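In: predicted model, plus sequence, below.
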Amino acid sequence: MSTRLLFFLFAVAVAIPVSAQEIRIAASDLLADYISGPLQIYGDEHSIEFKVDSIGSLPALDRLRSDEIDLAIIAFPEEGEIPREEFRICPFAYDVAVVAVNKSNPINEISLSRLGGIFGSDEENHFTSWGDLGLSGWGNRSIKTMATQTDSSISLELFKFSVLRGGQMKTTVVPVKDSEVEGLLLSDAASIAIMPRLPESSKLKALMISAEADGPAFGPTDDNVHYGDYPIRLAFYTVYNERDEARLKQVLRVLLSDEVASQLRDQSLFALPDTVRRKLTIDLDLGE
């Protein structure tokens, strides 16, 4: 073979780009935008092309079963709906509904049933004043209810599902913008609001909530949300076929990274507790 031909073949080989590995992901529209950036950065550095589609949980599972995607990141409202026998499933993040009041309000905790009596129209009990809840010195103060409306969270629907069991809100519950809710809580100590996030003002507080009337109450912290102690939450999971785990390990490490956790928290979602993320990452490493 001539030197000129060898040179030509070498030049052609160099000119042909190495095809990037493709990872197909279907993610809930509630968090797809927040994982795309870190995945894109990782993909550019490691010749991986990520295709992230934003679709619902049931269509994502159907596409996973038909091998149209490699990984799904989706929510399951009920623990019994999770197909653990069919796929490898790991927790990823949570959406919550926070119930906040003015810090001068003496109430610190409340049960789901009492929240239903405050906000719901179809409940057995109805509470219209703080005195109805036994707050000393607040007997004549009417409860002023608000619900934050935002396109980036399903906290209101989550509240209805978890607290009102799909029932209706009272007509007296005032819909407010997320940008306005804290100012309204600060201006009226008798108000209470459903929020998609923790309050930013130090003069407001998130109530601890108990699942049972006489049970322990828990605040919306990373640990309490992850372990299910805080009862108004929606869990998101990574779901994939076990046969694909070796190929997806690097992707899963990215999804468990500090960068992705920070992105989720910036958008009012709850990431896994740091210790849990690190344990899951170690488990991935040990499985190699």
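Out: Here it is on my side, so go on.
In: show residues contacting whichever helix or strand residue 75 is part of.
Out: Counting by DSSP states H and E, the element that carries residue 75 is strand 71-76. Residues outside strand 71-76 that contact it (CB atoms under 8 Å, 6 or more residues apart in numbering): 23-28, 30-32, 35, 56-57, 60-61, 63-64, 82, 92, 95, 234-240, 244, 248, 251, 255. In short, each C-beta sits where N, CA and C put it, glycine included.
In: starting at the chain centroid, how far to that strand?
Out: In terms of CA atoms, centre = their mean, to the nearest Å, the centre of strand 71-76 is found 11 Å from the chain centre.
In: contact partners for residue 34?
Out: Residue 34 neighbours (CB under 8 Å, 6+ apart): 260, 263-264, 266-267, 269.
In: okay but residue 184 is in contact with residue 146, surely?
Out: Yes - the pair residue 184 / residue 146 is scored as a contact, 6.3 Å apart, by CB atoms under 8 Å.
In: helices of the stretch 101-250 of the chain, start to end?
Out: 112-119, 155-162, 178-187, 222-226, 245-255 (DSSP state H, counting those that start in this stretch).
In: I'd like those as CSV, with mean neighbour count appended.
Out: Formatted as CSV, the helices of the stretch 101-250 of the chain follow (neighbours: other CB atoms under 10 Å):
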stretch, mean neighbour count
helix 112-119, 22
helix 155-162, 20
helix 178-187, 16
helix 222-226, 20
helix 245-255, 17
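In: compare those and report which one is nearest to residue 204.
Out: helix 178-187 (5.4 Å; CB to CB).
In: what pLDDT is listed against residue 176?
Out: Per-residue confidence (pLDDT) for residue 176: 96.
In: didn't it look like it was pressed against residue 149?
Out: Yes - applying CB under 8 Å, one finds residue 176 in contact with residue 149, separated by 7.1 Å.
In: the two: which is more packed in?
Out: Looking at residue 176 and residue 149 with other CB atoms under 10 Å, you find the greater number of neighbours at residue 176, namely 20 against 15.
In: which residues sit in contact with that one?
Out: Contacts of residue 176 by CB under 8 Å, 6+ apart are 146-149, 184, 193.
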